[in-house]
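Asker: Generate coordinates for the sequence data below:
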Amino acid sequence: SHTGSSSATTHTDLLLRAQARGIKTETIHNASIMTALGSTGLQLYNFGQSISIPFYTDSWKPGSWYDRLEENLKFGMHTLVLLDIKVREQSEENFIK
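Answerer: Residues are numbered from 1 along each chain as shown. Below is the predicted model:
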């Protein structure tokens with residue numbers, strides 16, 4: 001049995017070859033979202049800049065993420081989009097920090 005992570009194309013290739021030979025594998029992801037992305041089969045070097053879309057409020061709706069998304073699309077790159085979520089009630093000042 002092989003235990004490892006699938007964070008790169010080489011790791012994905014090894015995983016597929018092991019499975020084709022009937023070798024049991026197990027993937028243990030690191031804490032990084034980029035490591036988990038490797039298991040999707042997408043080429044990590046085809047990812048452009050990652051973007052974060054913040055939780056909007058009535059008076060705070062930043063759009064700075066849009067330019068990065070547009071740039072990635074222009075160059076045919078994948079985009080990792082991280083979404084901010086509202087976990088607990090916070091003041092608007094804490095969101096901006």
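
Asker: distance between stretch 13-33 and the chain's centre?
Answerer: With C-alpha atoms, centre = their mean, to the nearest Å as the basis, stretch 13-33 stands 19 Å off its chain's centre.

Asker: Let's see it as CSV, backbone CA atoms only.
Answerer: Taking C-alpha atoms only, stretch 13-33 is exported to CSV below (Å, rounded to 0.1, in the frame of the first residue of the first chain):
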residue,chain,number,x,y,z
ASP,A,13,0.6,9.5,-12.7
LEU,A,14,2.0,7.2,-10.0
LEU,A,15,-1.4,6.9,-8.5
LEU,A,16,-3.0,5.9,-11.9
ARG,A,17,-0.2,3.4,-12.7
ALA,A,18,-0.6,1.8,-9.3
GLN,A,19,-4.3,1.5,-9.6
ALA,A,20,-3.9,0.0,-13.1
ARG,A,21,-1.7,-2.7,-11.6
GLY,A,22,-4.2,-3.4,-8.7
ILE,A,23,-1.9,-1.8,-6.1
LYS,A,24,-4.0,-0.3,-3.3
THR,A,25,-3.3,3.4,-2.7
GLU,A,26,-4.4,5.9,-0.2
THR,A,27,-4.2,9.7,-0.5
ILE,A,28,-3.7,11.8,2.6
HIS,A,29,-4.0,15.5,1.8
ASN,A,30,-1.9,18.1,3.4
ALA,A,31,-3.6,21.2,4.9
SER,A,32,-3.1,23.1,1.7
ILE,A,33,-5.9,23.5,-0.8
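
Asker: Quick check: mean pLDDT of it?
Answerer: Mean per-residue pLDDT for stretch 13-33: 84.

Asker: could you show me where the helices are in this protein, in order?
Answerer: Here the chain has its helices, by DSSP state H, at 9-20, 33-38, 64-74, 92-96.
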